[in-house]
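Engineer: Return atomic coordinates for the entry below.
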Amino acid sequence: MKFYKLHGAGNDFIFFTGNKAFPRDIMTRLCDRNLGIGADGVIIIGKSRGEYDFTMRYFNSDGSAAGFCANGGRCAVRLASELNYFEGFRCEFKAGDGVHTAEILKDGRIKLQMKMPERYAEGIKFKGIEGEFYFLNTGVEHVVGYVKDIRKVEVEKLGPIIRNDRIFSGGTNVDFVQKTGDSTLNIRTYERGVEAETKACGTGITAAGWLDMTLSGDQKDRNITTSGNSELTVSVIKNELFLTGPAELVFEGKIDI
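Structural biologist: Coordinates of the predicted model:
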């Protein structure tokens, strides 16, 4: 079976095309970095015969389905363009959280329209963890907390505590953010479904950028640096939310499943 391997800012994915469906244990094995291809998730895209250019289904590395993945979404746009699912530089596709538009920019980065949060919760505290946190949804759930020195945060220790807190019925992703300037942030994310820190999380970056704009009342673009040292941009244009960043095809191959 043919597959494609892509990454967005170090967040990597295995892609299949068509209407394929796999059991959870198969997807877990595919994502295993020792026993399989290795990835943070599996994405299935299919050319649409309806009003969209293509559809996207996303699965975490543990095989669980998720509404959306922004880094994966940009990668889906890159692959869909390579496969001629749409013409030109603009497209529209449907994912689990709804419809997204995207544009391939002249520099190769992809500008992806994101779900605008309707609200956010503040003042959330967790036992044994310093500071207050915020909760919002940018396609999937995220808890965001500001820290003084992101290099010192024990993401693999604190992330699971917050991710599995009983106040979240389905768990949550966890983002630790350090403000480095008026419009610059550093971020590290513990991802639900991967159950580990990842190099980047697009919906988390979007959550951090939008939240920082909202709390400060300043809607200048936010340039956000990931733990993998990639920079992505969150912007609000005419009341629409966008995430701009890289998406690269790494290789393609065949595998027996």
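Engineer: can you list the domains in this structure?
Structural biologist: 2-115+245-254, 121-238 (automatic domain parsing).
Engineer: Columns mean neighbour count and mean pLDDT on top of the ones you listed, output as JSON lines?
Structural biologist: C-betas here are computed from N, CA, C, even on glycine. Putting the domains of the chain into JSON lines (neighbours: other CB atoms under 10 Å; pLDDT from 0 to 100) gives the following:
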{"stretch": "domain 2-115+245-254", "mean neighbour count": "19", "mean pLDDT": "96"}
{"stretch": "domain 121-238", "mean neighbour count": "18", "mean pLDDT": "97"}
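Engineer: what residues does stretch 95-107 touch?
Structural biologist: 52, 55-58, 65-68, 73-74, 77-78, 81, 89-94, 110-115, 139-140, 244 (CB atoms under 8 Å, 6 or more residues apart in numbering).
Engineer: Among those residues, name the ones in strands.
Structural biologist: 55-58, 65-66, 90-94, 110-114, 244 (DSSP state E).
Engineer: And for stretch 37-44, what's in contact with it?
Structural biologist: Residues contacting stretch 37-44 (CB under 8 Å, 6+ apart): 3, 5, 11-20, 22, 27, 30-32, 56-61, 66, 69, 72, 75-76, 191, 193-194, 198, 253, 255.
Engineer: cool, stretch 158-167 as well?
Structural biologist: 124, 126, 128-129, 133, 143, 171-174, 176, 190, 192, 195, 197.
Engineer: try 10 Å
Structural biologist: The contact list for stretch 158-167 (CB atoms under 10 Å, 6 or more residues apart in numbering) reads 121, 124, 126-130, 133, 135, 141, 143, 145, 147, 153, 168, 171-176, 188-193, 195-197.
Engineer: Now the residue minimising distance to the centre of the chain. Nearest residue, chain neighbours left out?
Structural biologist: Closest residue to the average C-alpha location of the chain: G202 at 3.1 Å, with CA atoms, centre = their mean. Closest residue to G202 apart from its sequence neighbours, by CB to CB, 6 or more residues apart in numbering: A70 at 2.5 Å.
Engineer: isn't the one you found right up against E191?
Structural biologist: No: taking contacts as CB atoms under 10 Å, A70 lies outside contact range of E191: 11.9 Å.
Engineer: If we ignore the residues flanking it in sequence, what's nearest G10?
Structural biologist: G10 sits nearest to K199 (CB to CB, 6+ apart), 3.0 Å away.
Engineer: Report the contact partners of the one you found.
Structural biologist: So K199 contacts 7-12, 40, 71, 188-189, 226-230 (CB under 10 Å, 6+ apart).
Engineer: With I224 as the reference, measure out to it.
Structural biologist: 13 Å (CB to CB, to the nearest Å).
Engineer: quick revisit: give the residues shared as contacts by A70 and E191.
Structural biologist: N11, V140, A200, C201, T203, G204.
Engineer: Let's have these in JSON lines, adding distance to Y85 and secondary structure.
Structural biologist: Putting the shared contacts of A70 and E191 into JSON lines (distance: CB to CB, whole Å; DSSP: H, G, I helix; E, B strand; the rest coil) gives the following:
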{"residue": "N11", "distance to Y85": "21", "secondary structure": "strand"}
{"residue": "V140", "distance to Y85": "24", "secondary structure": "coil"}
{"residue": "A200", "distance to Y85": "24", "secondary structure": "coil"}
{"residue": "C201", "distance to Y85": "25", "secondary structure": "coil"}
{"residue": "T203", "distance to Y85": "23", "secondary structure": "helix"}
{"residue": "G204", "distance to Y85": "27", "secondary structure": "helix"}
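Engineer: now the residues you listed as CSV including distance to N164?
Structural biologist: Putting these into CSV (distance: CB to CB, whole Å) gives the following:
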residue, distance to N164
N11, 22
V140, 16
A200, 22
C201, 17
T203, 19
G204, 17
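Engineer: Go through these and say which is closest to V236.
Structural biologist: Taking CB to CB as the measure, V236 lies nearest T203 of the shared contacts of A70 and E191, at 15.7 Å.
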